[in-house]
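1. I need the structure of the sequence given here:
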Amino acid sequence: MISNIFDFEKSKLSFINAFRVLKLNKLLNQSNITKAKGHRAIDIFLFIFSLAFTNKSLYRHLQNNKSIDDNTFYRFLNNTSFNWRKFIHCLCFKIISEFKNLTSEKRVKVLILDDTVLNKSRSKKSELLAKVYDHVNHVFVKGYTLLTLAYSDGFTTIPVDFALLSSANAKNRYNDMLDVSKKTNSYKRRLQAISSKPDASKNLVENAIKKGISANYVLCDSWFTNEPFLLDMLNLDMHVIGMVKQLKQVYLYNGCYHTLNSLFKLTKNSYHNSSDVISSVIVKTKAGIKVKLVFVKNKSKKNQFLTLLCTDITVEEDEILRIYGNRWSIEVIFKVSKDLFKLNREFKAVSFDMMISHISIVFTRYMILEYLKRIQEDIRYGRTNWCLYYDIFDEVRDIEFLPALNYLLTFFDDIVKQCMQNRDLIKSQVVYFISLLPCNLKDLVSISMWES
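-> A predicted model of the protein is given here:
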């Protein structure tokens with residue numbers, strides 16, 4: 001059995017109870033993630049789920065267990081009929097429902113939209129591999145853009161959905177998509193991969209709303225904050241709070257069109273209630289959308305300012321700034337997923353289906369940890385995902401023998417100093433212990449203080 005390879009009960013992982021409460025097996029069945037024969041889908045899923053917490057690769061786990069073929073796992077990850085999007089939606093909705101009793105109805109809930117680049121510079125055969133722009137390093141790289149939508153209630157942030165984007169321009173794609181049945185979920189994913197980022201962004205928010213995930217605002221960075229996106233969100237009855245770049249766009253104010261710099265100079269001394277907010281103004285975009293612009297101090301560059309845009313003009317300036325602060329939590333998702341949960345490096349995926357499966361499992365790891373953190377401790381005083389991850393890490397690296405021996409001797413020395421009347425007795429015991437060590441260890445370990 002797969003469960004014999006990785007024994008949950010003997011490990012320090014505390015996932016089993018969470019899986020039962022969230023009815024993970026039922027969610028997999030509802031998403032058509034099932035198998036007609038062989039090992040159960042839930043067993044395969046839980047095994048792959050656990051890999052990131054064992055510090056071992058799939059190959060290392062299977063090396064000593066020849067009864068299970070690694071193709072079992074690769075067939076699971078490459079299945080074209082599995083509906084991973086539905087699974088992520090259902091799991092997210094289930095977790096949000098569990099949090100409902102812990103969260104006030106008055107608390108602001110937000111959807112956060114952002115993207116990150118999955119670099120595949122060493123890959124040649126990956127399906128739909130494309131030349132994409134890395135906004136962090138400002139270079140073009142071979143890989144994909146992972147567009148992600150997350151939900152946050154201010155306490156907990158969990159991924160809601162994602163789109164793995166290639167390039168809408170066929171000239172930028174190194175490889176085309178494989179020929180798969182148009183009736184499968186896999187084909188829909190591939191079509192989305194070659195769509196534009198604005199279309200995919202709208203699709204993610206629209207799908208989340210249809211699945212019953214409600215929020216007050218959509219938070220986004222300056223790339224997404226433009227008139228077409230604002231119109232799309234308002235048509236979905238969603239307000240937007242986003243950063244605005246200082247480009248050539250103009251806004252209608254007092255019958256005249258002004259740039260951001262012009263508006264900043266006109267309203268510079270109109271707001272004094274906050275140390276961070278400089279000023280604010282209500283304007284209209286060229287498409288006639290009434291928005292509130294909030295000018296905020298740029299702490300990294302004191303001679304410049306930042307601009308936040310909110311389509312809900314009734315919200316106070318300080319509240320806009322506070323709500324937008326939640327946007328940073330999606331960066332934590334990306335950081336934890338890449339550094340701890342092995343996003344983009346756990347498997348050498350070539351097929352698009354395997355990449356979708358892998359990302360879905362990585363985001364499931366994050367959601368389960370967020371769920372555990374929320375129910376096990378008051379997260380207002382709790383620890384971060386990083387600490388929780390290391391607390392439940394299955395295989396903590398053993399300390400090397402020589403440093404451990406030195407620590408032990410130092411510990412003995414501290415005991416002797418605290419028990420001066422028994423110093424000779426304790427010292428004799430330690431000297432006896434040292435005398436039993438092999439000669440090569442006596443030479444390597446610093447023990448001169450006990451020989452004096």
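2. mind listing the strands for the stretch 101-250 of the chain?
-> Along the stretch 101-250 of the chain, the segments classed as strands by DSSP state E, counting those that start in this stretch run 110-119, 130-134, 139-152, 157-165, 217-220, 239-244.
3. hmm, who's touching the last one?
-> Put plainly, it is strand 239-244. 110, 216-222, 224-225, 229-230, 233-234, 260, 293, 306-312, 320, 323-324 (C-beta atoms under 8 Å, 6 or more residues apart in numbering). Using the backbone N, CA and C atoms, a C-beta is placed for each residue, glycine as well.
4. So how do I select the buried members of those in ChimeraX?
-> Restricted to buried positions by 16 or more other C-beta atoms under 10 Å, the ChimeraX selection for the contacts of strand 239-244 reads:
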select :110,217,218,219,220,221,224,225,229,230,233,260,293,306,307,308,309,310,311,312,320,323,324
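5. How about stretch 340-357, which residues are buried there?
-> Going by neighbour count (16+ other C-beta under 10 Å), the buried part of stretch 340-357 is 340-344, 346-347, 349-357.
6. now stretch 234-253
-> Buried, per 16+ other C-beta under 10 Å, within stretch 234-253: 238-244, 250-251, 253.
7. pLDDT on it, on average?
-> Stretch 234-253 comes out with an average pLDDT of 92.
8. residue ranges with poor pLDDT in this protein?
-> 1-14, 64-67, 269-274, 377-403, 405, 412, 415-423, 426, 430, 438-452 (pLDDT under 70).
9. Which helix runs longest in it?
-> Ranked by residue count and defined by DSSP state H, the top helix of the chain is helix 352-376.
10. In terms of secondary structure, what does that one contact?
-> Using 3 or more C-beta pairs under 8 Å, 6 or more residues apart in numbering; DSSP states H and E, the elements in contact with helix 352-376 are helix 16-21, helix 41-50, helix 71-77, helix 84-99, strand 157-165, helix 185-193, helix 328-339, helix 385-391.
11. List the beta-bridge partners for Leu149.
-> Note on Leu149: beta-bridge partners Leu113, Asp161, judged by DSSP bridges.
12. That one and Phe363: what is the separation?
-> Distance, Leu149 to Phe363, using C-beta to C-beta, to the nearest Å: 11 Å.
13. ok, now Asn25?
-> 18 Å.
14. wait, what's in contact with Lys335?
-> Neighbours of Lys335 in contact, by C-beta under 8 Å, 6+ apart: none.
15. swap that for Val350, please
-> Val350 neighbours (C-beta under 8 Å, 6+ apart): 123, 125-127.
16. Is it possible to get CSV of those residues that adds neighbour count and distance to Gln63?
-> Converted to CSV, the contacts of Val350 look like this (neighbours: other C-beta atoms under 10 Å; distance: C-beta to C-beta, whole Å):
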residue, neighbour count, distance to Gln63
Ser123, 16, 25
Lys125, 9, 26
Ser126, 22, 26
Glu127, 21, 28
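17. ok, of those, which one's closest to Gln30?
-> Glu127 (27.2 Å; C-beta to C-beta).
18. before we move on, back to that, mean neighbour count, the helices and strands packed on helix 352-376: which tops it?
-> Ranked by mean neighbour count, the helices and strands packed on helix 352-376 are led by strand 157-165 with a mean of 24 (mean count of other C-beta atoms under 10 Å).
19. circling back to that earlier point, determine which member of Asn25 and Phe363 has the greater number of neighbouring residues.
-> Phe363 (26 against 18; other C-beta atoms under 10 Å).
20. List the residues that contact that one.
-> 88, 159, 162, 333, 337.
21. between those residues, which is nearest Asn32?
-> For those, the nearest to Asn32 is Ile88 (13.5 Å; C-beta to C-beta).
22. How about the contacts made by the closest one?
-> 159-162, 360, 363-364.
23. how about 6 Å then?
-> Contact analysis of Ile88 by C-beta atoms under 6 Å, 6 or more residues apart in numbering lists Ser360.
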